[in-house]
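*Asks:* Need a 3D model of the sequence below.
(one chain, ligands or ions: 1)
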Amino acid sequence: QIPLKYGASREGKRTDAAMQRWRENRFGQFIHFGLYSLAGGHWNGKYVEGAAEWIKGNARISDEDYEALTRQFVLPEFDAREWARIAKEMGVKYSVITTKHHEGFCLWPSEYTDYDVSRTPFGRDLLKEYVDAYTQEGIDVYFYYSIIDWNHPDWRSRVETVEDSLAFFRYCDFMNKQITELMTRYPEVKGFWFDGTWDKSVVKFGKITWDIEQLMHRLNPGIICGSRLRVDEKGARHFDTNGKLMGDYEQGWERSLPEKAPQNDWECVMTIPENQWGYQADWRGHIKSATEIIEMLAAATSMNGNFVLNFGPKGDGSLREEEKQMARKVGKWMQLNGEAIYGCVQAPLKPQKWGYYTRHRDNGFVYMVVCYQPVSGMLKVVLPTGSVIENCVVLGKEGMELKPEKSTKNEFVIPAPEVKDGFPYVIRLKLKEGDSVGNYVAPKV
Ligand SMILES: C[C@@H]1N[C@@H](c2nc3ccccc3[nH]2)[C@H](O)[C@@H]1O
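*Replies:* As a prediction, the model looks like this:
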């Protein structure tokens, strides 16, 4: 262990109520919305390769031409209550919105820049309408904030000269003022999702990320912030030079899931197409189905993680059809099976090939989220020695009790129910009293 001044500011999982609520939420929504949404991944009538929210660089657009987008920011179809209704229908418990992406355009009327909604024909405080509408629906709100800011004259991706460092520290002052502004104007915010901390300037001056963390905790001690904000004084990111997680959860799972449960709290953020966060009018490549998204959500829950699905609203402020369809299908599944996700954690049972176990933190049930129907028609379950399955039903078909058969001392097989709707199904197991799997140490797998 080497002495660090700006490494992890605390150790181990947070045990306070705010963090426990984050854990129990499990399922979240990401909203990527900005000037890039107007371009929709196209420029001069042509499809632009790469992530749509990066179009300024991908299409080599001049500052002047890009800034002209502010005059097209009218949002005739924008209705935050509709966004919130769809999010509620999908069954998310929290939502993260890009208050300012790498482009530097702010979705709120900031005192510290003109590059914001107040300087557009739309003119309204979009962020306030979003916060109020989602809070009204009982969905927690989180703010994405990009450290990278292509618009701000003092932003530096690297600091090599004295002039660079003067500018960069002016930029840090601007950032601290904006973060303070966001936390005081919108006190409902539960946490921040920082991005864009990979550039050399931030890695070189990791202390600025320590300062941001300290600032946020002074303003709201319960604020939640992931590891992606943090860099220690040696340039280590996410985990400090002594290997300790910085921030409240592992925030590195972008478009990927871990193979096995990380030790820390963690969150995966996922796109429906392969890699589009902002609105791309022409989705190409594999577009994930609701079934695939549900499997990822179950996998994350089975490994003690959160899963956040991204929506990229259109330049007129409306949601695209495919995302509304996704919300409808996932929401229908969550209506029936949400008890296997919300408030659930890893079940310490030997993983099986048919899918994912989850365990509710206190209702004592174990859930089997079946994603791979076995050709044998038999679902294998290995339980603590001496366990007895008291009750075994399919969620949504509670009347259809399944009869597990003992196959060896602590192995059971459950005849798989015929389910042909193209979605995972959930079997709920009630184990005989006293056999709580809570204190069962699964065999080394
Ligand atoms: C949550 C995601 N993070 C941003 C991003 N930019 C990247 C540049 C290089 C590698 C990964 C990146 N992720 C994406 O634009 C999106 O906001």
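
*Asks:* Might you enumerate the residues of the stretch 101-250 of the chain proximal to the ligand?
*Replies:* Asp195 (C-beta under 6 Å from any ligand atom). For glycine as for every other residue, the C-beta is placed from the backbone atoms N, C-alpha and C.

*Asks:* Can you tell me the number of residues neighbouring the residue of the stretch 101-250 of the chain found nearest the ligand?
*Replies:* When distances are taken as C-beta to the nearest ligand atom, the stretch 101-250 of the chain reaches nearest to the ligand at Asp195, 4.9 Å away. Counted with other C-beta atoms under 10 Å, residues neighbouring Asp195 total 22.

*Asks:* do the same with the one 10 residues further on
*Replies:* When neighbours are defined as other C-beta under 10 Å, Phe205 has 20 of them.

*Asks:* before we move on, what about Leu402?
*Replies:* 18.

*Asks:* Isn't it up against Glu418?
*Replies:* No: Leu402 lies out of contact with Glu418 (C-beta atoms under 8 Å); the separation is 11.5 Å.

*Asks:* In the helix ranked longest in the chain, which residues are buried?
*Replies:* Longest helix in the chain by number of residues (criterion: DSSP state H): helix 162-185. Residues of helix 162-185 classed as buried: 167-168, 171-172, 174-176, 178-179, 181-183, 185 (neighbour count, 16 or more other C-beta atoms under 10 Å).

*Asks:* if I pick the residue nearest to Lys324 when sequence neighbours are not counted, what's in contact with it?
*Replies:* Spatial nearest neighbour of Lys324, chain neighbours left out: Ile86 (6.0 Å); criterion: C-beta to C-beta, 6 or more residues apart in numbering. Each residue near Ile86 by C-beta atoms under 8 Å, 6 or more residues apart in numbering is listed here: Leu319, Glu323, Lys324, Ala327.

*Asks:* Most neighbours among those residues, which one is it?
*Replies:* Of the contacts of Ile86, with other C-beta under 10 Å as the count, Ala327 tops at 24 neighbours.

*Asks:* partners of the very next helix or strand once past the longest helix of the chain, with directions?
*Replies:* Elements were assigned by DSSP states H and E; along the chain past helix 162-185, the next helix or strand is strand 191-195. Partner strands for strand 191-195, per DSSP bridges, with pairing direction: strand 140-146 (parallel), strand 224-225 (parallel).

*Asks:* Can you lay out those strands as a markdown table showing mean neighbour count and mean pLDDT?
*Replies:* Listed next are the strands paired with strand 191-195 as a markdown table, based on neighbours: other C-beta atoms under 10 Å; pLDDT from 0 to 100:
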| stretch | mean neighbour count | mean pLDDT |
| --- | --- | --- |
| strand 140-146 | 22 | 99 |
| strand 224-225 | 23 | 98 |
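
*Asks:* Val308 is nearest to which of those?
*Replies:* strand 140-146 (9.1 Å; C-beta to C-beta).

*Asks:* And the closest residue to Phe27 other than its chain neighbours, how close does it get to the ligand?
*Replies:* Distance criterion C-beta to C-beta, 6+ apart; nearest residue to Phe27, sequence neighbours excluded, is Val92 at 5.2 Å. Using C-beta to the nearest ligand atom, to the nearest Å, Val92 is found at 16 Å from the ligand.

*Asks:* repeat for Asp362
*Replies:* 33 Å.

*Asks:* that's a strand at that residue, yeah?
*Replies:* No: checked against DSSP: H, G, I helix; E, B strand; the rest coil, Asp362 lies outside a strand; its state is coil.

*Asks:* ok, Gly12 to Gly252 distance?
*Replies:* 18 Å (C-beta to C-beta, to the nearest Å).

*Asks:* got it, and Lys409?
*Replies:* Distance from Lys409 to Gly252, by C-beta to C-beta: 41 Å.

*Asks:* What of Ser376?
*Replies:* Distance from Ser376 to Gly252, counting by C-beta to C-beta: 38 Å.

*Asks:* So for those two, which residue has more residues nearby?
*Replies:* Remark: of Ser376 and Gly252, Gly252 carries more neighbours, 18 against 10, as counted by other C-beta under 10 Å.

*Asks:* was I right about that one contacting Ser227?
*Replies:* Yes: contact status for Gly252 versus Ser227: in contact at 6.7 Å, counting by C-beta under 8 Å.

*Asks:* joint contacts of these two?
*Replies:* With C-beta under 8 Å, 6+ apart, Gly252 and Ser227 have common neighbours His238.

*Asks:* Closest one to the ligand out of the contacts of Ile86, please.
*Replies:* Glu323 (16.0 Å).

*Asks:* quick one: the closest one from Ala87, how far?
*Replies:* In terms of C-beta to C-beta, Glu323 sits 10 Å off from Ala87.

*Asks:* which residues touch Glu405?
*Replies:* Contacts of Glu405 by C-beta under 8 Å, 6+ apart are Phe412, Val413, Ile414, Pro415.

*Asks:* Can you tell me who the nearest residue to the second one once chain neighbours are set aside pairs with across the strands?
*Replies:* Setting aside the residues directly before and after it, Val413 is nearest to Met378 in space (C-beta to C-beta, 6+ apart), at 4.4 Å. The residues paired with Met378 through beta bridges, assigned by DSSP bridges, are Pro415.
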